[in-house]
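Enquirer: Can you look at this prediction? I've put the sequence above it.
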Amino acid sequence: MWSIVGVTLKGIFRDRVFQGIMLIVSVFLLIPVIASLSMRQVTELSLTLSLSLISFILLLLSVFLGGTSLWKDIERRYTFSVLGLPVSRQSYIIGRFGGVALFVLLTALVLGAAAFAVVLYSSAIYSSDRPIVWSNIALCIIFDAFKYILLIAVSFLFSTISTSFFLPIFGTIATFLAGGITQQVYEFVHSPSSIALSPLVKQLVTVLYYIIPNFGAFDLKVIAIYGLPAHGIGLLLTFAYFVVYVGLLLSVAAAIFARREMR
């Protein structure tokens, strides 16, 4: 399995994805210039733009690397040669997922270092009224990476079901959009203002709430930007949610892929 993780990482670097990421890092140089237009909240705006840019880049990587990794292997018939070796299909799926997930985590660390440099530069030139809590910023970037690793697991599940890249790509995007609002929809449906909704609708929303990943739970931008206290128990529960959900998705994906016919 670890050899497949290594091969996956080498393939991503061979496709020059990381070089493209390093090129995008140059965009961070423009953030202090743009943030200086705010006049009053330069540091806060620099931090907001940096975290948003990191999130956007990780989203693109998760959708396209996660959605096309398995599909490209099958199209190039690379899967047939690998599965001819003493490697189980379950190990193959987990190895491919692990390689993509490690690359996303590595990218988050590189982009996080760039964001730290931008915020440090902005705070040195324009003093902020609020203290910068660096640990909160680090937590925000780490949990952002967890969110997109979970999204990669979703895309791998779609990849084991579909024979083309359309379902993995668009299914992953749809899941991400739905998972970002499930908490708000659930709270609205179970609030007193939703009294006009039928019990069937409420039950359906509740079922979907527990099935669709809750990506909103991983968003820590507010505590990072405004230096709010981070709740340790809440972070531990979110991490446990991440581990359990990824485990379930990979288990289902491995079970489906083990029964899939290769042609």
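Expert: All right, it came through fine.
Enquirer: what's the burial count for Ser135?
Expert: 9 (other C-beta atoms under 10 Å). Glycine gets a C-beta too; all of them are placed from N, C-alpha and C.
Enquirer: Mind checking the pLDDT average for the one helix or strand it maps to?
Expert: If you go by DSSP states H and E, Ser135 is part of helix 134-161. Computed over helix 134-161, the mean pLDDT rounds to 92.
Enquirer: Check which helices and strands it sits against.
Expert: On a contact count with 3 or more C-beta pairs under 8 Å, 6 or more residues apart in numbering; DSSP states H and E, helix 134-161 meets helix 42-75, helix 89-125, helix 166-179, helix 221-226, helix 232-258.
Enquirer: Going by neighbour count, list what's buried in that helix.
Expert: Buried positions in helix 134-161, judged by neighbour count with 16 or more other C-beta atoms under 10 Å: 136-160.
Enquirer: Output the below-cut-off pLDDT ranges for the stretch 101-250 of the chain.
Expert: Per-residue confidence for the stretch 101-250 of the chain (pLDDT under 70) gives these ranges: 163, 193-196.
Enquirer: again, 80 this time
Expert: Residues of the stretch 101-250 of the chain that meet the criterion pLDDT under 80 lie in 124-131, 162-165, 186, 188-199, 201-202.
Enquirer: so Ile132, which of the three states?
Expert: What DSSP: H, G, I helix; E, B strand; the rest coil gives for Ile132 is coil.
Enquirer: Can you report how many residues neighbour it?
Expert: Count around Ile132 with other C-beta under 10 Å applied: 18.
Enquirer: Distance of Ile211 relative to Ser162?
Expert: 19 Å (C-beta to C-beta, to the nearest Å).
Enquirer: In terms of neighbours, single out the busier of the two.
Expert: In this view Ile211 and Ser162 are compared by other C-beta under 10 Å, and Ser162 has more residues nearby, 16 against 9.
Enquirer: For that one, which non-adjacent residue is closest in space?
Expert: Pro168 (6.0 Å; C-beta to C-beta, 6 or more residues apart in numbering).
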